[in-house]
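*Asks:* Generate coordinates for the sequence data below:
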Amino acid sequence: MKTLLRRLSVILALSALATWLALGRNTGWTKTSVTTMKTDPVTTLEYPVTEKRFVPGIDLLGVSLAGAAALAGLSFLGRRSRTNPS
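*Replies:* Numbers count the residues shown, from 1 in each chain. Below is the predicted model of the structure:
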């Protein structure tokens, strides 16, 4: 059981880090929409365009790593095996 919890904690930490890196490496808060500026070809004026896109922030990474640390911490709790001296 201890090794299972430790393996799950490592998998959770690595997958959270990989997801955060792959989806934008945002060091701010998690965003569900991103605003970009586009240029009108006729008037050459810039205007904002908001598109729905999920960008995980450092807060989501922190919560995931805290969960992984909690799983690893749980692996240290429990009964210790005792050996009977003969």
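*Asks:* Which residues belonging to stretch 58-67 are considered buried?
*Replies:* 60-61, 64-65 (16 or more other C-beta atoms under 10 Å). Every residue, glycine included, has its C-beta placed from N, CA and C.
*Asks:* So for it, mean pLDDT?
*Replies:* Across stretch 58-67, the average pLDDT comes to 96.
*Asks:* any idea which helix is longest in the protein?
*Replies:* Longest helix in the chain, counting residues (DSSP state H): helix 2-22.
*Asks:* circling back to that earlier point, mind putting the buried residues of stretch 58-67 in TSV, distance to T32 included?
*Replies:* Conversion of the buried residues of stretch 58-67 to TSV gives the following (distance: C-beta to C-beta, whole Å):
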residue	distance to T32
L60	11
L61	16
S64	17
L65	21
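*Asks:* What about those residues, which are in helices?
*Replies:* Using DSSP H, the subset of those located in helices is 60-61, 64-65.
*Asks:* which regions of this protein sit below the pLDDT cut-off?
*Replies:* 81, 85-86 (pLDDT under 70).
*Asks:* Repeat the analysis, applying 80 as the threshold.
*Replies:* Where the chain drops to pLDDT under 80, the residues are 78-86.
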